[in-house]
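Visitor: Here's a sequence, model it:
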Amino acid sequence: MPGTSTLSRPEPRATYATVLRARGVLPFTLAGFVGRMPISMFGLGTLLLVRDERHSYALAGALSAVAAIGLAVGGPFSSRLIDRYGQRPVLLISVALHLVGVVVTLLLAPARVPAVVLAVPVALAGVTFPQIGSSVRARWAAHLTARGRPAELQVALAWESLVDEVVFVLGPLVVVAVATTADPRWGLVAALALCVVGTLALVAQTGTEPAVAASADRQRGSALRSPGLRVVAVVALALGTVFGGLDVATVAVTQAAGHPGAAGPLLALVALGSGVAALAIGGRGGSPARRLAWALVLLAVVSAVLPVLPSITALAIAAPVLGLAVSPSIISSYALAEAHVPATQRTEGFSWLVSGLDLGVAAGSWTAGLAVAALGPHAGYLACVGGVVLALAARGAGRRALRLPGPSAEGCTQHPGTGGGPPDTARSG
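Guide: Numbering: from 1, shown residues only. Here you go, the predicted structure:
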């Protein structure tokens with residue numbers, strides 16, 4: 001029924017296998033995998049390129065942050081356009097402009113132009129990055145709901161988070177390997193090629209593209225009217241700070257130890273641990289808000305020890321443990337976002353989480369870069385500690401806003417602001 005949340009306890013036999021057997025879903029999730037691969041390559045590739053050309057971690061971190069800020073700013077805007085005009089036209093325009101930004105960045109990086117000039121194409125590439133992840137998740141929601149299988153959506157969202165983890169295993173490995181054995185520029189070229197191929201493959205699948213709502217059925221205003229979505233977006237921002245700080249600090253620590261090639265495998269171990277957690281919780285019920293709280297506690301414990309770990313070996317042990325908290329945090333955040341926004345604003349709602357993550361990555365990259373330059377390599381991990389503190393504070397302060405109206409926090413309920421009550425009904429228990 002219109003305005004009904006699809007967030008509910010999955011049916012007992014709902015698994016990754018059952019949702020992937022739904023007709024038409026495998027092609028678009030594969031296209032989404034290819035198109036999302038550059039998410040884990042663009043910022044790190046920019047950082048490695050600038051470090052190699054300008055020999056400055058502070059500048060490299062700053063321009064990596066510019067890319068992430070561009071992603072954060074452009075995401076909700078282009079996603080709102082997708083909800084209004086459809087995925088195909090908006091994604092095609094986005095990928096064309098993104099291509100221009102990356103190519104100009106590659107041309108200007110070795111030209112010794114001022115940093116502010118180099119920041120312009122980096123920002124353009126970030127702002128116009130195609131919203132593949134949000135578009136794929138919106139396809140899942142529309143596809144399963146239209147076929148009378150909305151209870152399987154939480155499993156589908158968990159699957160997409162698992163795909164994200166695979167992306168973050170492979171992406172850093174590719175970029176670091178290319179940067180250390182060949183030329184950092186080829187890392188960005190590979191990212192661009194994957195982005196173009198994945199985007200074109202996704203938009204070619206018109207049969208699973210969500211229908212554009214008639215103007216009379218569209219929700220007015222931003223999806224951020226939902227208090228629950230605002231809380232989850234802040235949590236996503238804090239998580240992004242952890243990830244951005246982790247990237248910069250790990251590159252700095254391995255470089256200082258004389259093993260620059262170890263950065264990719266260490267970051268891949270984090271993603272590997274996260275993927276294991278995604279496999280473990282996929283298809284399980286329970287409250288996403290409660291799962292988010294426990295995941296943040298584990299993330300806080302591991303992050304607190306990162307600045308004092310004495311060796312790369314110790315980091316290799318801690319990395320997968322840290323990863324065990326990542327996918328539960330992300331899966332729970334997307335499930336809560338889906339539950340707190342109306343169907344006609346799904347893409348925008350999901351994109352606010354992506355933007356929060358990207359903005360957090362920018363803050364984490366910049367903060368960690370400054371900390372490395374001023375205090376040494378391990379100090380970069382202090383950005384991770386700060387991010388977890390912010391996430392815990394946001395989750396605690398917004399606990400009431402994350403509750404869904406109805407008999408339980410995980411039951412099938414109405415979306416805030418889509419009938420049955422005003423937008424603030426999400427605050428009631």
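
Visitor: what about Leu124, how many residues close to it?
Guide: By the other Cβ atoms under 10 Å criterion, the neighbourhood of Leu124 contains 20 residues. Just so you know, the C-beta spots here come from the backbone N, C-alpha and C atoms, and that holds for glycine as well.

Visitor: cool, and Ala289?
Guide: In terms of burial, Ala289 registers 24 neighbours under the definition other Cβ under 10 Å.

Visitor: To which secondary structure element is it assigned?
Guide: Element membership for Ala289 (DSSP states H and E) is helix 288-305.

Visitor: Name the residues of whichever helix or strand comes after that helix that are buried.
Guide: Using DSSP H and E, the next helix or strand after helix 288-305 towards the C-terminus is helix 312-323. Neighbour-count burial for helix 312-323, with 16 or more other Cβ atoms under 10 Å as criterion, is recorded at Ile312, Leu315, Ala318, Ala319, Pro320, Val321, Leu322, Gly323.

Visitor: with the residues you listed in mind, which one is nearest to Val385?
Guide: Ranked by distance to Val385 (Cβ to Cβ), the buried residues of helix 312-323 are led by Leu322 at 12.0 Å.

Visitor: give the contact list for that closest one.
Guide: Leu322 is in contact with Leu246, Val270, Gly273, Leu299, Val302, Ser303, Leu306, counting by Cβ atoms under 8 Å, 6 or more residues apart in numbering.

Visitor: can you put the residues you listed in TSV and add distance to Leu49, neighbour count and pLDDT?
Guide: Supplementary listing: the contacts of Leu322 in TSV, determined by distance: Cβ to Cβ, whole Å; neighbours: other Cβ atoms under 10 Å; pLDDT from 0 to 100:
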residue	distance to Leu49	neighbour count	pLDDT
Leu246	19	27	89
Val270	22	28	87
Gly273	28	22	87
Leu299	29	26	89
Val302	30	20	90
Ser303	28	24	89
Leu306	26	25	89
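
Visitor: now these in JSON lines, with distance to Ala96?
Guide: Putting the contacts of Leu322 into JSON lines (distance: Cβ to Cβ, whole Å) gives the following:
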{"residue": "Leu246", "distance to Ala96": "32"}
{"residue": "Val270", "distance to Ala96": "33"}
{"residue": "Gly273", "distance to Ala96": "37"}
{"residue": "Leu299", "distance to Ala96": "38"}
{"residue": "Val302", "distance to Ala96": "41"}
{"residue": "Ser303", "distance to Ala96": "39"}
{"residue": "Leu306", "distance to Ala96": "40"}
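
Visitor: Can you list the low-confidence ranges for the stretch 151-300 of the chain?
Guide: Low-confidence regions of the stretch 151-300 of the chain, defined here as pLDDT under 70, cover residues 151, 169, 213-221, 282-286.

Visitor: so who does the residue nearest the centre of the chain touch?
Guide: Nearest to the centroid of the C-alpha atoms of the chain, with distances taken as Cα atoms, centre = their mean, sits Val354, at 4.6 Å. Listed by Cβ under 8 Å, 6+ apart, the contact partners of Val354 are Leu71, Ala72, Gly75, Gln131, Gly133, Ser134, Ala236.

Visitor: change it to 10 Å
Guide: Applying Cβ atoms under 10 Å, 6 or more residues apart in numbering, we find Val354 in contact with 39, 71-72, 75-76, 79, 129, 131-134, 137, 233, 236, 240, 334.

Visitor: now the residues you listed: which count as buried?
Guide: Taking 16+ other Cβ under 10 Å as the criterion, what is buried in the contacts of Val354 is 39, 71-72, 75-76, 79, 129, 131-134, 137, 233, 236, 240, 334.

Visitor: Of these, just say which sits nearest to Thr29.
Guide: Proximity to Thr29 was ranked across those by Cβ to Cβ; first place goes to Arg137, at 9.9 Å.

Visitor: contacting residues around the closest one?
Guide: Neighbours of Arg137 in contact, by Cβ under 10 Å, 6+ apart: 29, 32, 131, 153, 156-157, 160-161, 334, 337-338, 346-347, 349-351, 353-354.

Visitor: Now which of those would you call buried?
Guide: If we count by 16+ other Cβ under 10 Å, those have these buried: 29, 32, 131, 153, 156-157, 160-161, 334, 337-338, 346-347, 349-351, 353-354.

Visitor: Can you give me the buried ones in the helix holding Ala289?
Guide: Buried, per 16+ other Cβ under 10 Å, within helix 288-305: Pro288, Ala289, Arg291, Leu292, Ala293, Ala295, Leu296, Leu298, Leu299, Ala300, Val302, Ser303.

Visitor: and the last one, what is it in contact with?
Guide: Applying Cβ under 10 Å, 6+ apart, we find Ser303 in contact with 242, 245-246, 318, 322, 325, 381-389.

Visitor: Nice, that's everything, thank you.
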